[in-house]
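Novice: give me a model of this one.
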Amino acid sequence: MSNPTPSSRPIVLSIAGADPSSGAGLQADLLTGAALGVHVCTALTAWTVQDSRGVQRVQVLDAADTRTQIDVLLADFPIAAIKIGLIGSLPMAQMLREFLLAHRHLPLVLDPIWRAGGGQELAGDALYAFVRDELLPLAHIATPNLPEALQLTGADSADIAASNWPGDWLLISDGHGSAAQLDNRLYQRGTLHARYPQARLPGSYHGTGCTLSTAIAAGLACAKPLPDAVAAALAFTHTAVEHAYQLGHGQSFPDRLQVRP
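Specialist: Below you'll find the model as predicted:
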C-alpha cells in the first residue's frame, strides 16, 4: 500500500477549554473547522462541567501540561493560525504570553471569555487584568462581544472602547441588545474599518463566540485578508445560528455543519 499523499489542508491551533455538551469550547472549534475545510488541533486549558443551561464547574489544567501539548503540536504540524478561548487561570495566561512572544509570526485570534453564555463568571480580577494588559496587545485580532469590550475598557460605547483598545484589530460583535439589527463593528487601532449589519435572530445560543473566533482563525489560516476573514466568519456564524437546534433545556446550538463556505 502506498503512503497517503500529504494534505495541504490549513491547520488552526485552538487553545481553549472543553465543553462536554459540544456546544462551545474545543468541540465547537472542531465542528467549525470541519465545516470550513481546515484541520483544528486542540490544546486543552481546562475541562468543564456544563450543559446547554450553563457552566457548573471549571477545572483548569497545569499550565506546563498545556504548554507541552502546544509544543508537541507545533513540532509536528505546520500551524497556520492560533485561536485562544477560555484561559482559566493566571499561570495559564502567563505561560501563553511567553509562548506567544516566541511565535509572533502566527496570526492570533483572541476571544476574551469572561462569562459563559449562561452568565457564569469565568475569570477573576488578576486574570482579567493580565489578559487586558499583556495578552490583548499580542493578538492579531480580538473578538469580544459588546458587553465584554465595555467591561475591558470601562467605556460606555463601542467607539470609545475601540479608542482605548490595547491591540491592533478589534471586532466588537453585537448580540446582547434588543435592536432589530446587529451592529458588528471592525476597528483597526481605534479607527472604524467596517460595519457588518445582520438581522437579530430570536433565542439564546450556546457557543456563538467560539464559532466566530474559530471561523476567523480558519480564514486567516487560508491566507484571507483579515477584513475578508471577518466578513466570512460573521456570515458563517449567522447562518449557523439561523439553523440552530435545541437538544437540552437551555440554549440552542448553532448548526455549524449545515453551513458551507
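
Novice: low-scoring stretches of the chain, by residue?
Specialist: Confidence mapping of the chain against pLDDT under 70 gives the ranges 1-6, 114-123, 176-177, 259-261.

Novice: stretch 21-37: which residues count as buried?
Specialist: Of all the residues in stretch 21-37, those buried under the rule 16 or more other Cβ atoms under 10 Å are 21-33, 35-36. Any C-beta I mention is one placed from the backbone N, CA and C, and that applies to glycine too.

Novice: can you show me the CA trace of that stretch as PDB?
Specialist: Extracted as PDB, the C-alpha positions of stretch 21-37 are listed here (Å, rounded to 0.1, in the frame of the first residue of the first chain):
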ATOM      1  CA  SER A  21     -22.100  19.300  25.600                       C
ATOM      2  CA  SER A  22     -20.100  20.100  22.400                       C
ATOM      3  CA  GLY A  23     -21.900  23.400  22.100                       C
ATOM      4  CA  ALA A  24     -18.900  25.600  22.800                       C
ATOM      5  CA  GLY A  25     -15.100  25.300  23.500                       C
ATOM      6  CA  LEU A  26     -12.800  23.000  21.700                       C
ATOM      7  CA  GLN A  27     -15.700  20.800  20.500                       C
ATOM      8  CA  ALA A  28     -17.300  23.800  18.800                       C
ATOM      9  CA  ASP A  29     -14.000  24.700  17.300                       C
ATOM     10  CA  LEU A  30     -13.600  21.200  15.800                       C
ATOM     11  CA  LEU A  31     -17.100  21.400  14.200                       C
ATOM     12  CA  THR A  32     -16.400  24.900  12.900                       C
ATOM     13  CA  GLY A  33     -13.100  23.800  11.400                       C
ATOM     14  CA  ALA A  34     -14.600  20.800   9.800                       C
ATOM     15  CA  ALA A  35     -17.300  22.900   8.100                       C
ATOM     16  CA  LEU A  36     -14.800  25.400   6.800                       C
ATOM     17  CA  GLY A  37     -12.300  22.900   5.500                       C
END
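
Novice: for residue 228, helix, strand, or coil?
Specialist: When classified by DSSP: H, G, I helix; E, B strand; the rest coil, residue 228 comes out as helix.

Novice: my bad, should have said residue 23
Specialist: Looking at residue 23 with three-state DSSP, the answer is coil.

Novice: can you check residue 183 too?
Specialist: With three-state DSSP as the basis, residue 183 sits in strand.

Novice: just confirm it contacts residue 194, I think it does.
Specialist: No - under the criterion of Cβ atoms under 8 Å, residue 183 makes no contact with residue 194, lying 11.4 Å away.

Novice: compare these two (neighbour count), which wins?
Specialist: Neighbours per residue (other Cβ atoms under 10 Å) separate residue 183 from residue 194, with residue 183 holding more: 17 against 13.
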